[in-house]
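>>> got a structure for you, letters missing:
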């Protein structure tokens, strides 16, 4: 009876677009389409969602494709620039975890300089990303910024973790990049390596809104700079 039923179902399905005679083939198709996007989840604004995972440090970096021209839009928090969460949700390096802090971002002698992509790669990405965001200011004053910084375990060259960060309010034209986000990153790094906050909490906070990251974590500039 089961063989007959399946045969009849196959006949009926033969004339219906998208119909599957068995549940097995339908689930197989879903798996094949979802595999490439498994790491593309965006962060929850309440800090509870998963952040995308990038490829991590590479021996040789290549120029990465950027979002379509004009598809990204800057946000702001009290005038400070924020990236578009759809274009730049942040991405993590698989090499940096809570268990590897002492051998990566918290190791003596430094870490980020050993994994940073060269300017020959990032300069091209920066120019393309400026078009993605519709940024028309001078690139000299804009920073091609890791949303989740390298010192917090952000992926070095995943386009989901990089954006053209415009100058902050009060910036002197022609002075080059000088953004308060950099100081926030340093204080969060100190707090992570001083075991004041977990790596994951710091990553979520800065990916959600770097301007409020310290307040969310209960870190003040004084406490963030006092730890080793």
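Cool, got the structure. Note that this is a predicted model, so its numbers are computed, not measured.
>>> Show me where the protein has its strands.
With strands called from DSSP state E, the chain shows them at 75-77, 80-82, 143-146, 162-165.
>>> residues of the last one that come out buried?
By neighbour count, with 16 or more other Cβ atoms under 10 Å as the criterion, the buried positions of strand 162-165 are 162, 163, 164, 165. C-beta: built from backbone N, CA, C; applies to glycine.
>>> Quick one: mean pLDDT over that strand.
Confidence for strand 162-165, expressed as mean pLDDT, is 97.
>>> what does the third one give?
Per-residue pLDDT values across strand 143-146 average out to 97.
>>> now the second one
Computed over strand 80-82, the mean pLDDT rounds to 93.
>>> one step back: and the buried residues of strand 162-165 as CSV, adding distance to residue 85?
CSV is the format used below for the buried residues of strand 162-165 (distance: Cβ to Cβ, whole Å):
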residue, distance to residue 85
162, 14
163, 11
164, 15
165, 14
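>>> Adding distance to residue 117, write the strands of the chain out as CSV.
Below are the strands of the chain laid out as CSV (distance: least, Cβ to Cβ, whole Å):
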stretch, distance to residue 117
strand 75-77, 25
strand 80-82, 22
strand 143-146, 10
strand 162-165, 9
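>>> I'd like to know which of the ones you listed is closest to residue 55.
strand 162-165 (13.1 Å; Cβ to Cβ).
>>> Remind me what that closest one packs against, helices and strands.
helix 119-133, strand 143-146 (3 or more Cβ pairs under 8 Å, 6 or more residues apart in numbering; DSSP states H and E).
>>> closest to residue 58 out of the ones you listed?
Evaluated over those, closeness to residue 58 peaks at helix 119-133, with 10.1 Å, by Cβ to Cβ.
>>> on that earlier part again, and among the strands of the chain, the most buried is which?
Most buried of the strands of the chain, by mean neighbour count (mean count of other Cβ atoms under 10 Å): strand 162-165, with a mean of 28.
>>> so what strands line up beside that strand?
When pairs are called by DSSP bridges, strand 162-165 turns out to pair with strand 143-146 (antiparallel).
>>> now the strand it pairs with, how far from the chain's geometric center?
Computed by Cα atoms, centre = their mean, to the nearest Å, the chain-centroid distance of strand 143-146 equals 12 Å.
>>> and what of stretch 65-77?
Taking Cα atoms, centre = their mean, one finds stretch 65-77 lying 13 Å from the centre of the chain it belongs to.
>>> Over to stretch 167-184?
Relative to the centre of its chain, stretch 167-184 is centred 21 Å away, using Cα atoms, centre = their mean.
>>> Straight-line length of it, end to end?
By Cα to Cα, to the nearest Å, the extent of stretch 167-184 from end to end equals 15 Å.
>>> One more: stretch 78-95?
34 Å.
>>> So which bits of it are buried?
Buried residues in stretch 78-95 (16+ other Cβ under 10 Å): 80-85, 87-93, 95.
>>> Relative to residue 145, which of these is nearest.
Nearest to residue 145 among those, counting by Cβ to Cβ, is residue 83 at 8.2 Å.
>>> ok, the residue most central in space within the chain - contacts?
Closest residue to the average C-alpha location of the chain: residue 90 at 1.4 Å, with Cα atoms, centre = their mean. Listed by Cβ atoms under 8 Å, 6 or more residues apart in numbering, the contact set of residue 90 reads 43, 51, 52, 147, 148, 154, 160, 161, 203, 206, 207.
>>> How about it, nearest residue that isn't a chain neighbour?
What sits nearest to residue 90 in space, not counting adjacent residues and going by Cβ to Cβ, 6 or more residues apart in numbering, is residue 207, at 3.6 Å.
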